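Asks: I would like the atomic coordinates for the input below:
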Amino acid sequence: MLQEKITQDIKEAMKAGNAEKLSVLRMVMSALNNKKIEKGKDAVLTDEEALQVLSREAKKRKESIDIFVKGGRPELAEKEKSELAIVEAYLPKQMSKEEVAAEVEKIIVTLRQAQGDIVFNNIMKAVMAELKGKADGKIISEIVKEKLG
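Replies: As a prediction, the model looks like this:
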């Protein structure tokens, strides 16, 4: 399970004296525990739910990087980039823009055959269900808009 792997990596980071990795993994574990609390008493997170939390944490880092770069704070942007790399190590490999475009095209063709006329929301729902955790929602949205003209 993903949480067990993170717990094990926290122990290894402590033994190795890797303060940055330890800090990031503790933050991730805290976010996972908050999700458990949100679910209710004696809740156990599935790997899918844990991946959602990790994706959210990665997204926060990406947004922070953009803000720091625009604000002229490259040292803080670098710190966020190194944290992002640690978080992304637990996420599935992200699809390239070309791979996402190919998947979106397949899904649009399938939906058109099944439903005829389709709308943006229906496509997004189908694509997000298919590519959840494998691609950034922002990229997916851009590609779907592009494909619909």
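Asks: now the phi/psi pair for Ser96, please.
Replies: Main-chain dihedrals, Ser96, degrees, to the nearest 10: phi -80, psi 170.
Asks: number of nearby residues for it?
Replies: Using other C-beta atoms under 10 Å, Ser96 is surrounded by 11 other residues. (Glycine included, C-beta is placed from N, CA and C.)
Asks: how much space between it and Gly17?
Replies: Applying C-beta to C-beta, to the nearest Å, the value for Ser96 to Gly17 is 36 Å.
Asks: same question for Asp47.
Replies: Taking C-beta to C-beta, one finds Asp47 at 29 Å from Gly17.
Asks: quick one: which of those two has more around it?
Replies: For Asp47 versus Gly17, neighbours defined as other C-beta under 10 Å are more numerous around Asp47 (12 against 8).
Asks: mind listing what that one touches?
Replies: Residues near Asp47 by C-beta atoms under 8 Å, 6 or more residues apart in numbering: Met1, Leu2.
Asks: report the buried residues of stretch 29-42.
Replies: Counting neighbours by 16 or more other C-beta atoms under 10 Å, one finds that the buried residues in stretch 29-42 are Met29, Ala31, Leu32, Lys35, Lys36.
Asks: these two touch, right, Ala31 and Lys59?
Replies: No: under the criterion of C-beta atoms under 8 Å, Ala31 makes no contact with Lys59, lying 11.9 Å away.
Asks: which ones are touching Val100?
Replies: Leu131, Ala135, Ile139, Ile140, Ile143.
Asks: leaving aside the residues next to it on the chain, what's closest to the fourth one?
Replies: Taking C-beta to C-beta, 6 or more residues apart in numbering as the measure, Ile140 lies nearest to Val127, with 5.5 Å between them; neighbours along the chain are not counted.
Asks: tell me which helix or strand that neighbour sits in.
Replies: helix 120-131 (DSSP states H and E).
Asks: check which element follows the longest helix that the chain contains along the chain.
Replies: The longest helix of the chain (DSSP state H) is helix 47-70. Sequence-wise, the next helix or strand downstream of helix 47-70 (DSSP H and E) is helix 74-88.
Asks: that next one packs against which elements?
Replies: helix 19-39, helix 47-70 (3 or more C-beta pairs under 8 Å, 6 or more residues apart in numbering; DSSP states H and E).
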